[in-house]
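**Q** let me see the structure of the following:
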Amino acid sequence: MVNMRPFNEFEQKNLKFLVNHNVKFTQVEVTATGLKKSILDSTVPMRAYFLENGIHNYEEQEQGQEHKATHRAIILTDTEKKETKVTFYRPNTKKGDPRMWIYGLGSYTDGSEIHVLFKFEEALCSVNITKVDIEKCYNSPIITPLQEIIKAIYIEGNVVSEELLGRFRSVKDQWFESEVAADTGIGRTIESFLGISMNSDKTPDYKGIELKSHRDKRRSRKNVLFTQTPNWDISELKSGKQIVEKYGYYTEDGKKTYQNTVQCTPPNSQFLFLNVNQNDELLELQARIKRLEDVAAWRLMQLHQRLLTKHHETFWIEVENEKHDGKEYFRYKQIEHTKNPNVGQFDVLIEQNIITVDLLLCRPSGHGDTYSFKIKKKGMPLLFPESVIYNL
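**A** Numbering: from 1, shown residues only. Predicted coordinates:
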């Protein structure tokens, strides 16, 4: 697949406006070839968006025109709303590379223009951000369909975040006793305060908003994005236990374990490293001792989907803490509010060692195996292009 061209200044302005108004979207470049053939490639981020939002799942679709799927679509301009349909299919040729097309799109675009795609009321909406000035349309005294849709999304998205922020502000000077004496104690206590159960699944914590907490004096300068087990069906080794058997080390009490960070370069002390394989759309865990060895792999599309699902909207909560008589106490200090991660930056940040993976396997503590994707503080503005800081 051909990579999308860089956004120009006008397009970046449109994208930032959409992010700041709670619009969760993906984007596609309508090339001259695609326009001529009425074919658009569904890139990995696009497929993740379609799957996450219940629009279409290419993984369950068979190849051939007879298996083509159709969904309601809307083309929006600065003044117009056109009801149409979008089709999704996988051709018999070229390994069934995912394709899509919005009927009538050719009347609203020229070659090399970029469109954002987003879901609204069970329809896939398309806006040409190369041509349409979205901010101008939003602030126009003339009411248009695009203006109404974005305002509806913005208002709905703000209700929950304002409610949640209000709850934290109501106890801004109150000290809480940590429920457990562990790194997870603050998160557990916050969940109890908000009346939510422990988050053992992969969905966001509070009405669609993910909660991430950390101590302001912590040694680690990384934020945990999410945890994700490798796809064992495509991995050379089939479990964390096998990784430990081959690459692990013994602790002082004679138990074999593996607890270390892996990044792209250089390899860590056990010679393990990450490799972003764009051709096969994989993040590979590999080792280089005497020769290159495949260890495990994640499907990039699945990682992108996890990022989009987990961090569509997030409160990164910073607390100040004190310890008295063996107990930890904390109070809320600051919240960073992020939305709509730039999934296109995810692979790049891995290649630049800004996103790394902590492997915590066969720990003596008995905790289950964990594959934790973390991002350095300096990478936050790159993955989350717009954020708001609330000082409590």
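**Q** state the number of residues packed around Thr184.
**A** If you count neighbours by other CB atoms under 10 Å, Thr184 ends up with 13. Placement of C-beta: from N, CA and C, glycine included.
**Q** tell me the pLDDT of it.
**A** Looking at Thr184, its pLDDT stands at 73.
**Q** cool, and the one 3 residues further on?
**A** pLDDT recorded at Gly187 is 83.
**Q** surely it touches Leu211?
**A** Yes - using CB atoms under 8 Å, Gly187 is in contact with Leu211, at 7.2 Å.
**Q** tell me how the protein divides into domains.
**A** According to automatic domain parsing, the chain comprises the domains 9-157, 174-391.
**Q** residues near the residue lying closest to Lys131 once chain neighbours are set aside, how many?
**A** Distance criterion CB to CB, 6 or more residues apart in numbering; nearest residue to Lys131, sequence neighbours excluded, is Glu113 at 6.8 Å. Residue crowding around Glu113 was assessed by other CB under 10 Å; the count is 19.
**Q** tell me the bridge partners for Glu113.
**A** Assessed by DSSP bridges, Glu113 has beta-bridge partners Val30.
**Q** run through the residues that contact it.
**A** Contact analysis of Glu113 by CB atoms under 8 Å, 6 or more residues apart in numbering lists Glu29, Val30, Asn128, Thr130, Lys131.
**Q** output these in a markdown table, with distance to Phe193 appended to each entry.
**A** Putting these into a markdown table (distance: CB to CB, whole Å) gives the following:
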| residue | distance to Phe193 |
| --- | --- |
| Glu29 | 45 |
| Val30 | 48 |
| Asn128 | 45 |
| Thr130 | 46 |
| Lys131 | 47 |
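**Q** adding distance to Glu163, write the domains of the chain out as CSV.
**A** Shown next, in CSV, are the domains of the chain (distance: least, CB to CB, whole Å):
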stretch, distance to Glu163
domain 9-157, 12
domain 174-391, 8
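**Q** which positions in stretch 54-66 come out as buried?
**A** Ile55, His56, Tyr58, Gln61 (16 or more other CB atoms under 10 Å).
**Q** which SS class is the first one?
**A** Right, the one you point to is Ile55. Look at Ile55: counting by DSSP: H, G, I helix; E, B strand; the rest coil, its state is coil.
**Q** just checking, it touches Leu124?
**A** Yes - using CB under 8 Å, Ile55 is in contact with Leu124, at 5.8 Å.
**Q** anything in contact with each of the two?
**A** Joint contacts of Ile55 and Leu124 (CB under 8 Å, 6+ apart) are His71.
**Q** next up, phi/psi of the residue in the chain sticking out farthest from the centre, please.
**A** In terms of distance from the mean C-alpha position of the chain, Asp325 ranks first, at 40.4 Å (CA atoms, centre = their mean). In terms of degrees, to the nearest 10, the main-chain angles of Asp325 are phi 50, psi 40.
**Q** ditto for the one 10 residues further on
**A** According to degrees, to the nearest 10, the main-chain angles of Ile335 amount to phi -130, psi 130.
**Q** ditto for the one 4 residues further on
**A** Taking degrees, to the nearest 10, you get phi -140, psi 160 for the backbone angles of Lys339.
**Q** and it, how many residues sit next to it?
**A** If we define neighbours as other CB under 10 Å, then Lys339 has 23 of them.
**Q** go ahead and confirm it touches Val19.
**A** Yes - counting by CB under 8 Å, Lys339 touches Val19, with 5.9 Å between them.
**Q** the closest residue to Tyr329 other than its chain neighbours: what's it in contact with?
**A** Closest residue to Tyr329 apart from its sequence neighbours, by CB to CB, 6+ apart: Trp175 at 4.8 Å. Counting by CB under 8 Å, 6+ apart, Trp175 makes contact with Glu322, Tyr329, Phe330, Arg331.
**Q** now tabulate those residues in CSV and tack on distance to Ile350.
**A** Listed next are these as CSV, based on distance: CB to CB, whole Å:
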residue, distance to Ile350
Glu322, 36
Tyr329, 37
Phe330, 32
Arg331, 35
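**Q** quick revisit: from the contacts of Glu113, which is closest to Val343?
**A** Of all these, Glu29 has the smallest distance to Val343: 15.5 Å, by CB to CB.
**Q** not counting sequence-adjacent ones, nearest residue to that closest one?
**A** Once flanking residues are discounted, Glu29 sits nearest to Met4: 4.6 Å by CB to CB, 6+ apart.
**Q** thought that neighbour was touching Gln27?
**A** Yes - counting by CB under 8 Å, Gln27 is a contact partner of Met4 at 7.2 Å.
**Q** if you count surrounding residues, which of those two has more?
**A** Higher neighbour count among Met4 and Gln27: Gln27, with 21 against 15, using other CB under 10 Å.
**Q** host element of the more buried one?
**A** Element membership for Gln27, per DSSP states H and E: strand 25-30.
**Q** who touches that strand?
**A** 4-5, 15, 18, 40, 43, 45-46, 48-50, 105, 109, 111-118, 129, 340.
**Q** buried residues in stretch 254-266, which are they?
**A** Neighbour counts using 16+ other CB under 10 Å place Thr257, Tyr258, Gln259, Asn260, Thr261, Val262, Gln263, Cys264 of stretch 254-266 among the buried residues.
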